[in-house]
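Chemist: quick one: sequence and predicted model below, then my questions.
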Amino acid sequence: MTTSDPAPEPLEGDVPSLPVAPPPSPWNSANLVTMARIALVPFFAWALLVEDGTDARWRWVAVGVFVLAAGTDKVDGYLARRYGLITDLGKLLDPIADKLLIGTALVGLSLVGELWWWVTVVVLVRELGITAMRFFLLRYVVLPASRGGKLKTLMQSVALGLMLTPLWLLPEPITWLAYAAMAAAVAVTLVTGVDYVVQAVRLRRSARTEA
């Protein structure tokens with residue numbers, strides 16, 4: 001009759017391994033809120049362009065949809081941090097949702113003749129360039145939105161929220177405030193764009209070193 005060998009005694013200092021929690025599903029509540037923001041963009045564009053932007057009632061509807069879509073940016077971020085739902089998909093979709101909303105507002109305002117096209121082109125070139133750079137870096141690392149990028153998005157949202165209102169019905173100081181806010185937003189957009197490029201170069205060099 002044979003007996004099995006006794007289990008080895010744990011060595012002093014050995015720490016039992018803890019179970020690793022599975023990563024969150026990309027189809028979580030935070031990402032669904034982000035996707036809902038993206039889904040609002042076509043309706044926002046339609047409301048803005050009714051009667052070539054001259055219908056005051058639909059302009060206010062466009063403002064409301066824009067504020068709702070821009071405001072939920074904080075909701076998905078809160079859900080992701082509060083419940084541990086941060087995913088690579090969310091890091092990618094969040095800035096894309098911002099760019100779709102902001103880009104649609106810029107193009108729409110230029111189409112109705114209320115924003116210079118050069119402003120729209122400068123901002124969109126910066127935004128699309130950074131997005132393309134993100135996709136390029138995906139093979140190495142996900143480049144998340146920085147604090148400067150979040151500030152840029154906030155300033156763009158405030159400026160566009162003001163410019164989307166039917167300014168022809170409002171006191172003239174509000175018009176000047178809207179254009180001043182847009183000028184500040186464009187400046188921050190360009191500065192943060194340069195900062196993203198610097199970050200991307202550093203991450204790319206770091207990835208090459210580790211490879």
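Modeler: Sure thing, it's come through. All of these numbers come straight from a predicted model, not from anything done at the bench.
Chemist: so what touches stretch 154-164?
Modeler: Residues outside stretch 154-164 that contact it (Cβ atoms under 8 Å, 6 or more residues apart in numbering): 48, 59, 62-63, 66-67, 70, 102, 105-106, 109, 114-115, 123, 174, 177-179, 181-182, 184-185, 188-189. Placement of C-beta: from N, CA and C, glycine included.
Chemist: so which of these belong to helices?
Modeler: Restricting the contacts of stretch 154-164 to those inside helices, with DSSP state H as the criterion, leaves 48, 59, 62-63, 66-67, 70, 102, 105-106, 109, 123, 174, 177-179, 181-182, 184-185, 188-189.
Chemist: now the buried members of those residues.
Modeler: With burial judged by 16 or more other Cβ atoms under 10 Å, the buried subset of those is 48, 59, 62-63, 66, 70, 102, 105-106, 109, 123, 177-179, 181-182, 185, 188-189.
Chemist: which stretches of the chain have low pLDDT?
Modeler: 1-27, 78, 83-85, 88, 139-146, 207-211 (pLDDT under 70).
Chemist: give me the neighbour count for Asn31.
Modeler: With neighbours defined by other Cβ atoms under 10 Å, the count for Asn31 comes to 23.
Chemist: wait, it sits on Leu89?
Modeler: Yes. The pair formed by Asn31 and Leu89 meets the contact definition of Cβ atoms under 8 Å, at 5.9 Å.
Chemist: tell me how far Leu68 lies from Ala36.
Modeler: As judged by Cβ to Cβ, to the nearest Å, Leu68 and Ala36 stand 10 Å apart.
Chemist: in contact with Met182, which residues?
Modeler: Shown in contact with Met182 (Cβ under 8 Å, 6+ apart): 115, 119, 159-160, 162-163.
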